[in-house]
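>>> okay, here's the prediction I keep looking at, along with the sequence it came from:
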Amino acid sequence: MTEVSFHEVTKVFPNGTTAVSSLTATIADGEFMVLVGPSGCGKTTALRMIAGLDEPTSGAIAIGGKVVNGVPPQDRDIAMVFQNYALYPHKTVLDNLAFGLRQHKVPNAQVAQRVKEVSSLLNLDDLLNRKPAQLSGGQRQRVAMGRALARSPEVYLLDEPLSNLDAQLRTQLRADLKQLHQRFSTTTIYVTHDQVEAMTLGDRIAVMSEGKLLQLGTPQEIYKRPASVFVAGFIGSPPMNLLRASVADGRVRAGDLELDIPGAPAGDLVVGVRPEALRLVTGTARPTKELAVLRAHTEVVELLGHETIVYGSIRGQRVAAASADAGITSLASERATLIARLDASRQPAVGETVTFGVSLADVHLFDPGSGAAVEPRITQREAPV
Ligand code: ATP
């Protein structure tokens, strides 16, 4: 039973930086948990504290039900792959892969068997006799990952292990990792700032920002019910369209996007619509109780083969998202970018006016002050996940 838990864990570095702030979370036995968030949000520090490489300033970390504060790294049964992986430079790839197993006095025949499995999984067969200096960055990272996978620890800690790989290998290894986890169910904590990795790998995702845990849930929960405007803007690519709105008598006005949401609190709000929730409708379409209709001026069209991304402009004011704001910077200040993700067969021309329909069930509302999701409406309208 290897559950990993944080209880009110805070880490303040000697220079005064609070890297992790009051983190409380439990990673269940056998779970694949992804920590995701922008650079500097404290993901690596959280992982290093599980490994014992950094000590919490306050709070407790437990592995398998035992508090491990003060327990040195070598006495924790974990295998790690960090972003700045360190291989033994004088050892061959084979010896690097076998190192952890030999340290743990695993019999030679078993070492050979594990190394063979891992090397074939990670396409390292032709490199086994090379030294790290004779490898590319991506190959070194694969060896570092292989070294961790060769062991069967209680917990895997992986910090952006795929970041140096080319796109094709990254996709392949992502699937391999998932399959390995399905097979062995070893508790795994995986740090990334890549939300596609987070969505595809995680049983659950923990979204962090500025040392704080903002939301913890399954990928679907986080995608469908982001708890805050930050999470809404961070998870999803292209990011959710977020527009300033004002509300009176249940009528929500966000520039060209207008809709009735009974029960929406009067005053200022932020309205969120995911790019995939915008559907092209005919120019004569009329809004209904369930469907908002708005017209956009097509500014940029990206034909990606499997889908078309349209950057349109509408009257309105875009709210900067957590990830790099994908708005078109040259627009006049009273115009906002609206990003739509369409089927590849739909290819509007630049300059064309297109009409989008948005189901009310796909509209998110947030408080502009706290950023928190305005829940009553969401629970009313969204299908349960
Ligand atoms: P990235 O995705 O860029 O790796 P991260 O989310 O993993 O970022 P951390 O490396 O945990 O973030 O860093 C969190 C914060 O703590 C950052 O502001 C960072 O500058 C700071 N920090 C990290 N290590 C130290 C240290 N040893 N001394 C002082 N500050 C540190």
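Arrived safely.
>>> low-scoring stretches of the stretch 251-385 of the chain, by residue?
When residues are selected by pLDDT under 70, those of the stretch 251-385 of the chain lie in 321-328, 375-385.
>>> what's the burial count for residue 199?
For residue 199, the tally of surrounding residues (other Cβ atoms under 10 Å) stands at 19. Placement of C-beta: from N, CA and C, glycine included.
>>> distance of it relative to the ligand?
From residue 199 across to the ligand, the span is 17 Å (Cβ to the nearest ligand atom, to the nearest Å).
>>> how about the residues of the stretch 101-250 of the chain by the ligand?
By the rule Cβ under 6 Å from any ligand atom, the part of the stretch 101-250 of the chain lying against the ligand is residue 193.
>>> repeat the analysis, applying 8 Å as the threshold.
Residues of the stretch 101-250 of the chain lying near the ligand by Cβ under 8 Å from any ligand atom: 159-160, 191, 193, 208, 211.
>>> greatest separation within these: which pair is it?
Spatial extent of these (Cβ to Cβ) is set by the pair 160 and 211 at 18.2 Å.
>>> picking that back up, between the residues of the stretch 101-250 of the chain next to the ligand, which has the most around it?
residue 191 (27 neighbours).
>>> if we can go back for a sec, specify which member of the residues of the stretch 101-250 of the chain next to the ligand is nearest to residue 65.
residue 191 (23.3 Å).
>>> ramachandran angles for that closest one?
phi -100, psi 130 (degrees, to the nearest 10).
>>> what do you get for residue 237?
With angles defined as degrees, to the nearest 10, residue 237 shows backbone torsions of phi -140, psi 120.
>>> for it, which non-adjacent residue is spatially closest?
Distances taken as Cβ to Cβ, 6 or more residues apart in numbering place residue 195 nearest to residue 237, at 6.4 Å, with adjacent residues excluded.
>>> ok, back up a step: turn the residues of the stretch 101-250 of the chain next to the ligand into a markdown table, including secondary structure.
Formatted as a markdown table, those follow (DSSP: H, G, I helix; E, B strand; the rest coil):
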| residue | secondary structure |
| --- | --- |
| 159 | strand |
| 160 | coil |
| 191 | strand |
| 193 | coil |
| 208 | strand |
| 211 | coil |
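>>> between those, which is nearest the ligand?
residue 193 (5.0 Å; Cβ to the nearest ligand atom).
>>> could you check how far the closest one is from residue 33?
15 Å (Cβ to Cβ, to the nearest Å).
>>> what do you get for residue 354?
Between residue 354 and residue 33 the computed distance is 41 Å (Cβ to Cβ).
>>> what sits against residue 306?
With contacts defined as Cβ atoms under 8 Å, 6 or more residues apart in numbering, residue 306 is in contact with residue 344.
>>> tell me the phi and psi of it?
phi -90, psi -10.
>>> change the start of the numbering to 54 and stick with it
New numbering, starting at 54: the last item is residue 359.
>>> mind checking how far it is from residue 329?
13 Å.
>>> which outside residues touch the helix or strand containing residue 286?
Using DSSP states H and E, residue 286 sits within helix 282-287. With Cβ under 8 Å, 6+ apart as the test, helix 282-287 has contacts from 89-91, 248, 260, 262, 267-268, 275, 279, 292-293, 295, 323, 325, 372-376, 417, 419, 424-426.
>>> roughly how far is the following helix or strand past that helix from the heart of the chain?
Using DSSP H and E, the helix or strand that follows helix 282-287 towards the C-terminus is strand 294-301. Counting by Cα atoms, centre = their mean, to the nearest Å, strand 294-301 is centred 26 Å from the centre of its parent chain.
>>> by contact count, what packs against the lengthiest helix in the chain?
When the chain is parsed with DSSP state H, its longest helix is helix 220-237. With contacts taken as 3 or more Cβ pairs under 8 Å, 6 or more residues apart in numbering; DSSP states H and E, helix 220-237 sits against helix 190-203, helix 248-254.
>>> and those helices, which one's lowest on average pLDDT?
Note on the helices and strands packed on helix 220-237: helix 190-203 shows the lowest mean pLDDT, a mean of 86.
>>> by contact count, what packs against that helix?
strand 131-134, helix 146-156, helix 161-174, strand 208-212, helix 220-237.
>>> now what about it, what contacts it?
Helix 190-203 is contacted from outside by 132-135, 138-140, 146, 149-154, 167-168, 171-172, 174-177, 180, 185, 188, 209, 211, 214-219, 222, 226, 233, using Cβ under 8 Å, 6+ apart.
>>> and for residue 169, the neighbour number?
Counted with other Cβ under 10 Å, residue 169 comes out at 15.
>>> follow-up on the earlier one: quick one: buried ones out of the contacts of helix 190-203?
132-135, 138, 140, 146, 149-154, 167-168, 171-172, 174-175, 177, 180, 185, 188, 209, 211, 214-215, 217-218, 222, 226, 233 (16 or more other Cβ atoms under 10 Å).
>>> which among the contacts of helix 282-287 count as buried?
Applying 16+ other Cβ under 10 Å to those, the neighbour count classes 89-91, 248, 260, 262, 267-268, 275, 279, 292-293, 295, 323, 325, 372, 374-376, 417, 419, 424, 426 as buried.
>>> now, these that are in strands?
Among the buried ones among the contacts of helix 282-287, DSSP state E puts 89, 260, 262, 267-268, 295, 323, 325, 417, 419 in strands.
>>> JSON lines for those residues, including distance to residue 346?
Converted to JSON lines, these look like this (distance: Cβ to Cβ, whole Å):
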{"residue": "89", "distance to residue 346": "34"}
{"residue": "260", "distance to residue 346": "32"}
{"residue": "262", "distance to residue 346": "34"}
{"residue": "267", "distance to residue 346": "33"}
{"residue": "268", "distance to residue 346": "31"}
{"residue": "295", "distance to residue 346": "20"}
{"residue": "323", "distance to residue 346": "21"}
{"residue": "325", "distance to residue 346": "18"}
{"residue": "417", "distance to residue 346": "18"}
{"residue": "419", "distance to residue 346": "22"}
